[in-house]
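>>> quick one: sequence and predicted model below, then my questions.
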Amino acid sequence: MGKRAIPVVDLSRFTHGNPLERLAFVEKLGNAFHEIGFVGVKDHGIPDELIDGFYSNARSFFRQPLELKRKYEIEGLAGQRGYTSFGKEHAKQSKVADLKEFFQIGQEVEDGDPIAREYPANVQTAEIPAFTSLGKQLYKAFEQAGGHLLRAIALHLGLPENYFDDKIHNGNSILRAIHYPPISEEPNSAIRAEQHEDINLITLLVGASAGGLQLLSKEEQWLDILPEEGEIVINVGDMLQRLTNNYLKSTTHRVVNPPREEWHLPRLSIPFFLHPKSEMALDCLPQCVDSEHPSAYPPITAGAYLDERLREIGLKK
């Protein structure tokens, strides 16, 4: 096996480890996010059967005829809930749409928090009810794993461990099932997903069913990310990069088309984009600003920043 492009950490060392193991985890995670912006995580606590069940139901959903899927494409939601058809989204610097269709599940507020009014209802798939019901369970499992990772990041940044807890509670996170259909003809310059950075705090990605995910290294080289069995891939998003004044790296990544002999294979991938509540301020943290690193960004809230970015990638008009 070749050298890994990204390091791997064991989340159980943080959630169930002794103080020394926790300390080592925080340091390894923090360094990976500072230097590469990506890490593989094992023992993340997300049950395999939940991942596998959601996967197979997502596959069934995307196999449905387009007119059926289109029933779940809701006008005016900027793709934030339900189905988004092929060719709607593009990377912000690209004019060519990515070769993908997707389905999104958002926050379900269960504790009477008035923030519920901000969120559109989730879209239920009548033909394949397990797709959306398992999606909601997977959403909560991702949220929990993401919360642990943000506690470790807070400690690495010299913040209180629970710094992010109230900011992500009932946050605007998104679970997205992405289907890259088989490629039937020479693509018109588009690849499955053109190079981009994620918008959110961190992204948790489970089992891309085929290779193709690559990151752009500091040396400007594209490196393949090949997670091992049972590993999820985590990367820093632009909100966390902004908050840490570029100390933690939101690394450019893309999904390339497979070799021609694999064009007939579809690809399914399930990212969870962990967002805070819209009101969270993304002003650079004071401990990440000094005379050598003056503040690189003007103050903005997470909600205003998300809005700006959804317009740039063509989901919001």
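Cool, got the structure.
>>> list the contacts of Asp43.
For Asp43, the contacting residues are 10-13, by CB atoms under 8 Å, 6 or more residues apart in numbering. For every residue, glycine as well, the C-beta is placed using N, CA and C.
>>> now these as CSV including neighbour count and secondary structure?
Compiled in CSV, the contacts of Asp43 are given as follows (neighbours: other CB atoms under 10 Å; DSSP: H, G, I helix; E, B strand; the rest coil):
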residue, neighbour count, secondary structure
Asp10, 17, strand
Leu11, 22, coil
Ser12, 16, helix
Arg13, 20, helix
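>>> Throw those into JSON lines and include distance to Asn235 and pLDDT, thanks.
Shown next, in JSON lines, are those (distance: CB to CB, whole Å; pLDDT from 0 to 100):
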{"residue": "Asp10", "distance to Asn235": "18", "pLDDT": "97"}
{"residue": "Leu11", "distance to Asn235": "15", "pLDDT": "98"}
{"residue": "Ser12", "distance to Asn235": "21", "pLDDT": "97"}
{"residue": "Arg13", "distance to Asn235": "20", "pLDDT": "98"}
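>>> and for the spatially closest residue to Glu73 that is not a sequence neighbour, the neighbour number?
Nearest residue to Glu73, sequence neighbours excluded (CB to CB, 6 or more residues apart in numbering): Tyr83, at 4.6 Å. A count of nearby residues for Tyr83, using other CB atoms under 10 Å, gives 24.
>>> just Pro182 next, same as before
Neighbours of Pro182 (other CB under 10 Å): 12.
>>> need the CA coordinates for the helix or strand of the chain with the lowest mean pLDDT. CSV is fine.
Lowest by mean pLDDT, DSSP states H and E among the helices and strands of the chain is strand 193-196, with a mean of 77. C-alpha atoms of strand 193-196 as CSV (Å, rounded to 0.1, in the frame of the first residue of the first chain):
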residue,chain,number,x,y,z
ALA,A,193,-17.0,17.6,-8.9
GLU,A,194,-14.7,20.4,-9.9
GLN,A,195,-12.1,21.7,-7.4
HIS,A,196,-13.7,23.6,-4.5
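>>> now it, how far from the centre of its chain.
13 Å (CA atoms, centre = their mean, to the nearest Å).
>>> elements contacting that strand?
strand 253-255 (3 or more CB pairs under 8 Å, 6 or more residues apart in numbering; DSSP states H and E).
>>> residues in contact with the strand it packs on?
So strand 253-255 is in contact with 38, 180, 191-197, 208, 212-216, 222, 225, 235, 267, 269, going by CB under 8 Å, 6+ apart.
>>> over to stretch 155-165?
By CB under 8 Å, 6+ apart, stretch 155-165 touches 26-27, 29-30, 33, 147, 150-151, 153-154, 201, 244, 247, 276, 285, 287-288.
>>> which residues of the stretch 1-150 of the chain fall in helices?
Per DSSP state H, counting those that start in this stretch, the stretch 1-150 of the chain carries helices over the ranges 12-15, 19-35, 48-63, 66-70, 129-156.
>>> okay if I get those as JSON lines plus distance to Glu101?
Below are those laid out as JSON lines (distance: least, CB to CB, whole Å):
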{"stretch": "helix 12-15", "distance to Glu101": "35"}
{"stretch": "helix 19-35", "distance to Glu101": "31"}
{"stretch": "helix 48-63", "distance to Glu101": "7"}
{"stretch": "helix 66-70", "distance to Glu101": "7"}
{"stretch": "helix 129-156", "distance to Glu101": "14"}
